[in-house]
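Trainee: I would like to see how this sequence folds:
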Amino acid sequence: MALGPLIALVMMAMLAAILHRSLRGGAAPPPAPVRALKPTRVEPTRLADCIADDYGLLATAAVSRTHADALLIKEHLRSAGIRATLANAPDGQIRILVFGDEVVAARRLVG
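Mentor: Down below sits the predicted model:
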């Protein structure tokens, strides 16, 4: 009788038992007590305060009224090697945004 397969089965059973014990985990610690917070007065914000016109490193190269026109402008800029993205403005218009160092070239291209 070959002892190799029997030893392999015993070793696998021992490894399975060790893994089962270590991965089973203990009981969850009790939840931390919740402290009551003092109510603070929060000033109401206006919607205009929440809408930022700051796009970080991006600058507006053009503004379009329709999404189709904005996509055409974006494609025209892409064909010239200028990366562009679109952003919806609060007034419903669509802004075509490019990086600040490419804004002059993009505005010249768009007209």
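
Trainee: give me the neighbour count for Leu77.
Mentor: Residues contacting Leu77 under the criterion other C-beta atoms under 10 Å number 21. (C-beta placed from N, C-alpha, C; glycine too.)

Trainee: please name the nearest non-neighbouring residue to it.
Mentor: Take Leu77 and drop its neighbours on the chain: the residue closest to it by C-beta to C-beta, 6 or more residues apart in numbering is Ala84, 4.5 Å away.

Trainee: what sits opposite the one you found in the beta ladder?
Mentor: Val98 (DSSP bridges).

Trainee: for the helix or strand containing Met12, what is the average pLDDT?
Mentor: Element membership for Met12, per DSSP states H and E: helix 3-24. The average pLDDT within helix 3-24 is 86.

Trainee: same question, stretch 57-67
Mentor: 91.

Trainee: tell me how far the residue nearest to Ala105 when sequence neighbours are not counted lies from His20.
Mentor: Excluding its sequence neighbours, the residue lying closest to Ala105 (C-beta to C-beta, 6+ apart) is Ile82, at 6.4 Å. The gap separating Ile82 from His20 is 59 Å, by C-beta to C-beta, to the nearest Å.

Trainee: Pro5 too?
Mentor: Distance from Pro5 to His20, by C-beta to C-beta: 22 Å.

Trainee: show me what contacts Gly4?
Mentor: Not one residue lies near Gly4 by C-beta atoms under 8 Å, 6 or more residues apart in numbering.
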